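Participant: Need a 3D model of the following:
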Amino acid sequence: MSYLLAFCLALCWGTAFLASKNMVEALPPYWSTFFRVAAGLAFFLVLYGVQRKSLKINPRELWRPWLIGFLLILFPFAAISWGQRFVAPTIGGIFNGTVPIWSFIAGAIILKGEDRFTWRRAIGVTIGMAGLLIIVWPSFTLGSDKMALYGCFAFLLMAWSYSLGNVITKLVMVDNTSVTLEANTFHQYLFSAVVLVIVAALAEPFPPASAFSLKVVLSIFSAGIFSSAVAFLLMVALIKRWGATRMASVTYFTPVVAMASDIIARGRIPSGMEIIGLAIIFVSLFLIQKPVNAK
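Facilitator: So this is what the prediction gives:
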């Protein structure tokens, strides 16, 4: 069951970059991020309304969903929207694949037990980094497109935020029983949506109605519901089963899904370096997994 959840999560995350690319081609980046978060918020409102879940939370506990919402929703989604304007969806997926590396570092420092340092996992993340560098290297050596480099840096910030958010989620939400998952999730999205609409209104003009083509609207729903809200529920379930570091290794499959969606939707053929890099990443995926009985 855990591996089925992991496959679905990789599919959700991997297709997010194509959807984000479609959105930022027509919408300003912060408004694009807001609409993605608003779609996720609407999904949870309907889901928890049907389930009659209580969304109440002690004001003294609000810092928990706000912190996690910033690290897992607000900041990384904004970084994706900003950076995706300048690079292909495949590159976004590749950078997302670095999350296990940063999660390993953050988990070794912050968490104990399942996320502790081992030489096997250290070698695994080192090999994974080498594979990712092989894939990304042509983006840094071919031509002198500064904006593409800035886009890659935005995705690096995205990966750092996701990795820290994964570890903090395990620390302050999954292991905390004073606040329900439903209340946490709702307030994460509510906080992110409120902040984003303020930032977008101050920084960018509201997009015209003509910008909301069928392609853009479907991409908003895909990124906001499938790649965000549903993915969030899958992620929390896997953190409970596997721990933050092992769950983050699911992102190694994200480049494959992002690359496949790029080929199908945009006709972009991956380079030989990208294929070699992905093969190396699969080796690192095997090494980073701690020996545990599958659940």
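
Participant: just how off-centre is stretch 125-135 within its chain?
Facilitator: The offset between the C-alpha centroid of stretch 125-135 and the centroid of the whole chain comes to 19 Å, using C-alpha atoms, centre = their mean, to the nearest Å.

Participant: Quick one: mean pLDDT for that stretch?
Facilitator: When the per-residue pLDDT values of stretch 125-135 are averaged, the result is 79.

Participant: residues of it that come out buried?
Facilitator: Of the residues in stretch 125-135, those with enough neighbours to count as buried (16 or more other C-beta atoms under 10 Å) are Val125, Ile127, Gly128, Met129, Gly131, Leu132, Ile134, Ile135. Any C-beta I mention is one placed from the backbone N, CA and C, and that applies to glycine too.

Participant: helix or strand for the fifth one, which one?
Facilitator: Read that as Gly131. Secondary structure from DSSP states H and E places Gly131 in helix 119-141.

Participant: Helix, strand, or coil at the closest residue in space to Ile135 that isn't next to it in sequence?
Facilitator: Distance criterion C-beta to C-beta, 6 or more residues apart in numbering; nearest residue to Ile135, sequence neighbours excluded, is Gly277 at 3.4 Å. Secondary structure of Gly277, reduced to three states by DSSP: H, G, I helix; E, B strand; the rest coil: helix.

Participant: hang on, Gly277 packs against Ile127?
Facilitator: No: shown here, Gly277 and Ile127 do not form a contact pair, counting by C-beta atoms under 8 Å, at 10.8 Å.

Participant: wouldn't Gly92 be in contact with Gly83 here?
Facilitator: Yes: if you go by C-beta under 8 Å, Gly92 and Gly83 touch, sitting 7.0 Å apart.

Participant: So which residues of the stretch 51-200 of the chain form helices?
Facilitator: For the stretch 51-200 of the chain, helices defined by DSSP state H, counting those that start in this stretch occupy the ranges 63-69, 75-83, 89-96, 99-110, 119-141, 146-169, 181-203.

Participant: Using PDB, write down the CA coordinates of stretch 102-113.
Facilitator: Output in PDB follows, covering the C-alpha atoms of stretch 102-113 (Å, rounded to 0.1, in the frame of the first residue of the first chain):
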ATOM      1  CA  TRP A 102      18.400  18.400   1.600                       C
ATOM      2  CA  SER A 103      15.800  16.500   3.700                       C
ATOM      3  CA  PHE A 104      18.600  14.000   4.700                       C
ATOM      4  CA  ILE A 105      20.700  16.900   5.900                       C
ATOM      5  CA  ALA A 106      17.800  18.700   7.800                       C
ATOM      6  CA  GLY A 107      16.600  15.400   9.200                       C
ATOM      7  CA  ALA A 108      20.000  14.400  10.500                       C
ATOM      8  CA  ILE A 109      20.300  17.700  12.300                       C
ATOM      9  CA  ILE A 110      16.700  18.200  13.600                       C
ATOM     10  CA  LEU A 111      15.300  14.700  13.900                       C
ATOM     11  CA  LYS A 112      16.500  11.600  15.600                       C
ATOM     12  CA  GLY A 113      15.900   7.900  15.100                       C
END
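
Participant: May I see the buried residues of it?
Facilitator: Per 16+ other C-beta under 10 Å, stretch 102-113 contains these buried residues: Trp102, Ser103, Phe104, Ile105, Ala106, Gly107, Ala108, Leu111.

Participant: What score does Thr177 have for pLDDT?
Facilitator: The predicted local distance difference test score for Thr177 is 59.
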